[in-house]
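S.K.: Pasting a predicted model and its sequence here:
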Amino acid sequence: MGGAHTPEATSSPHQVASPGTPLTAVRADDRLAAVIAADPAVVDRLVALDRWFEMLKSTGTPQPIDELATVAMAAAAAGVPVAAVLAAINAGRASPCCAGGADAGQGETAEEEPSWFADLDADAAARVDVRPLLASHQEPFATILRAANAVPLQGALVIEAPFNPRPLRRLLAGRGFVTFGQRIGASHWRIWCRRALAENAPGEGQGDGKRAPARTWRIDDAVHIDVRGLEAPAPLTAILSLIDGGDHQGRIVVHHHRDPLYLYAELDERGWQYTRLPSPAGEVCLDLRRSG
Amino acid sequence: MSASVGLGGAHQRLLPETIPLRFFGTSTVAHLLAWIGLVVVADAVPFYQGGPGPVAAAFHLLTVGVLLSSAMGASLQMLPVALGRAAPTTVRCNVVYTLLLVGGIGLVCGFAIHETRLMVLGAAALTAAVAVYAVALSGVLKGASGLGLVRLHVWAALTCLVLGALVAAGLALDYRESFLVNHQVVALIHMLLLAFGFMGLLAFGLSQILIPMFAIAETSAMRAPALAFGLALTALITAVIALLSQQAMLVAVAAVLGLAAAGGHVADMEAVLAKRIRRRLGGEFLLIRLSWGMLALSVMLAGGLVLELLPPAGPALFGFVTLFGWLLSLVIGVQQRILPFLGSMHAVRVRARPLAPTKLVDERCLRFHRWCHAAALGVVAVGIVSAEPLAIRIGAGAGAVGAFAYGVFAVTVLKRTRRHLSSASSAVGRTAA
């Protein structure tokens, strides 16, 4: 990649609305250039989130920077959780909770039950039913976030929704939750959420002696974990926590600032293999896969 | 977007395999010799009050051969990896090792046969080794970002090492020139600076990386280790001032501060372990936890010694608990985990298939060593308190048998790593053919 990007040249792997078309929720692997072309106001919302995004304003079109190819990459480059970037982008479109669009659940196939689901304590889970709120045209997003914020590590939250709220689930993933959706009826989805990692709030822990946690997000079958900038041994422990926690489908993509020498031995102990992926200068990208 | 595959400078951060191997190999041999030395000098141990002789030779086999050698080998390799900095040059590491070996042999032999010229030469070589090591490690620490508190620990430890080595050189020279007003007090300061200052602060600092790494746990917040560091440093300075000014009560204050520092450190480490992901801790943690208990006991004995609460064998007991109980248990506990790790890392370095550390370990040897080590500590301590050389001999004999088993473990790690690397290279050769 290289050279000037135009919205036409950066086609998205997922459909992003062009100006004048109904807006659908943006995903982490959508091309940022296409997102901005479809909704230029996104730039202002991103700048409000983090001044790093001011570089997008210079010519009215996205800067042709390779690392900004997707929303996830832009978030990583800015050092902002991808969930926060998605929330900012989607804020002008529709509530992440309500942004069903193509993801609204029509014709979706059943999800495979994750390994952690069997151990979930359903009785102890917090519950939010957003259907009455949506029926009365109320915004349920704040209610859900309040409930999510109160969930302890390894605790659970159950959301009853009229559709499969994929944008919300991605946002919760950015806050350390793993989710599993069950279709109960034609207009009823039950989303099981378990907090697997500490919340990835921007700047959390800075200055009070705690260290910022690793950022995680999902793209397709892979859980991405960004440990760049973390001090040893936090990258190692964050990656192994994710592996041992089981909240993945056997594939993890690691974004690291250097070759994690201590990690390889631990991977072999756990029956995992690694492949080095092409990565930008200053980053080591590893594709970890469970053997067999 | 660049399509390059970044290695993040991995090759710069790893020393050639032979360098850590030499330091840890020396430590493994000296470990066995130190226990054998204790068997030999058992008659004199309970009444040892300091000064040159076979007992000092046996103790320095441990301090220089095992503790200093391990600390140097581990820090020269682990810190560049943890801090993402280039490792010191091979030449510099080789100079450190050669001076350490020559100096250590000279000093131990000098002590054993009361030959002051050998002592002075040995101490001079060791001081030179420390100077080159300090320059090498400073190069790693300078310009590093992150792990600020760990780096602070290492800087403080390095300062104590340099001061302790200079004091040691002065002590050796004093045997020839007799210029020190109070040789015994200076000898105590030497021990304080090197055992509690260098080894203690280095252990406190590196534990913040190693313990979470071994247990797969989140690191603790900065406050607890910072507090323990502050207390330890204050205790150390207070103790030195107290010894120089001959104020027993001030030494007691230093002991209380030291106890608080030790308590804070252990509580912090236990808090880290409580949050661990690895359910079953390895056997190394039995030794590490034993060392934490011995650290507290050692500081209490120091206080008791100054306040004249201990029996005549108090100084020997304090020395034994500090060196064999606390520091040897800790070093061997950590080392038995680092050795297979290093083997595994070097497999990655030469692009061979990664190798799980557990596949390099003969767990039976380690189990046997742990039993022997624990028995040795208990029996020797009883022998010292009861001034019973036979008990010391039996205990130290058990320690020597355990050290031999530990040596078998170390050789097994080396052999299995070599076998893996040679099978990997022959596989590459077959592919190329």
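M.R.: All right, it came through fine. Treat the numbers as computed from the prediction; the structure is a model and nothing was measured.
S.K.: Just the pLDDT at B:Ala356, thanks.
M.R.: For B:Ala356, the model assigns a pLDDT of 80.
S.K.: Just to check, it is in contact with B:Ser344?
M.R.: Yes: taking CB atoms under 8 Å as the definition, B:Ala356 is a contact partner of B:Ser344 at 6.9 Å. All C-beta spots, glycine's among them, are computed from the backbone N, C-alpha and C.
S.K.: Distance-wise, check B:Phe331 relative to B:Leu210.
M.R.: Just so we're on the same page, residue B:331 is Val rather than Phe. Between B:Val331 and B:Leu210 the computed distance is 12 Å (CB to CB, to the nearest Å).
S.K.: got it, and B:Leu355?
M.R.: For B:Leu355, the distance to B:Leu210 - CB to CB - is 20 Å.
S.K.: Next: B:Gln184.
M.R.: Counting by CB to CB - B:Gln184 and B:Leu210 are separated by 35 Å.
S.K.: Ok, B:Thr63 next?
M.R.: As judged by CB to CB, B:Thr63 and B:Leu210 stand 21 Å apart.
S.K.: quick one: contacts of stretch B:286-295?
M.R.: Residues external to stretch B:286-295 that are found in contact with it (CB atoms under 8 Å, 6 or more residues apart in numbering or on different chains): B:200, B:211, B:262, B:265-266, B:269, B:321-322, B:325-327, B:329-330, B:332-334, B:336, B:370, B:373-374, B:377.
S.K.: Now do stretch B:155-171, average pLDDT.
M.R.: 96.
S.K.: Over to stretch A:241-249?
M.R.: Taken as a whole, stretch A:241-249 has a mean pLDDT of 83.
S.K.: Tell me which residues of it come out buried.
M.R.: Neighbour-count burial for stretch A:241-249 flags A:Ser241, A:Leu242, A:Ile243, A:Gly245, A:Asp247, A:His248 (criterion: 16 or more other CB atoms under 10 Å in any protein chain shown).
S.K.: now do stretch B:305-320
M.R.: B:Leu305, B:Val306, B:Leu310, B:Ala313, B:Gly314, B:Pro315, B:Ala316, B:Leu317, B:Phe318, B:Gly319, B:Phe320.
S.K.: And the furthest pair within those?
M.R.: Farthest apart among the buried residues of stretch B:305-320 by CB to CB are B:Val306 and B:Phe320. That separation is 17.4 Å.
S.K.: Distance check, the nearest residue to B:Gly200 once chain neighbours are set aside against B:Ala134.
M.R.: Excluding the flanking residues, the one nearest B:Gly200 by CB to CB, 6 or more residues apart in numbering or on different chains is B:Ala232, at 6.5 Å. With distances taken as CB to CB, B:Ala232 is found 20 Å from B:Ala134.
S.K.: Over to B:Gly343?
M.R.: Separation of B:Gly343 from B:Ala134 (CB to CB): 28 Å.
S.K.: which of these two has more neighbours?
M.R.: Higher neighbour count among B:Gly343 and B:Ala134: B:Gly343, with 26 against 16, using other CB atoms under 10 Å in any protein chain shown.
S.K.: if we can go back for a sec, the contacts of stretch B:286-295 in helices, which ones?
M.R.: In helices, defined here by DSSP state H, the members of the contacts of stretch B:286-295 are B:211, B:262, B:265-266, B:269, B:329-330, B:332-334, B:336, B:370, B:373-374, B:377.
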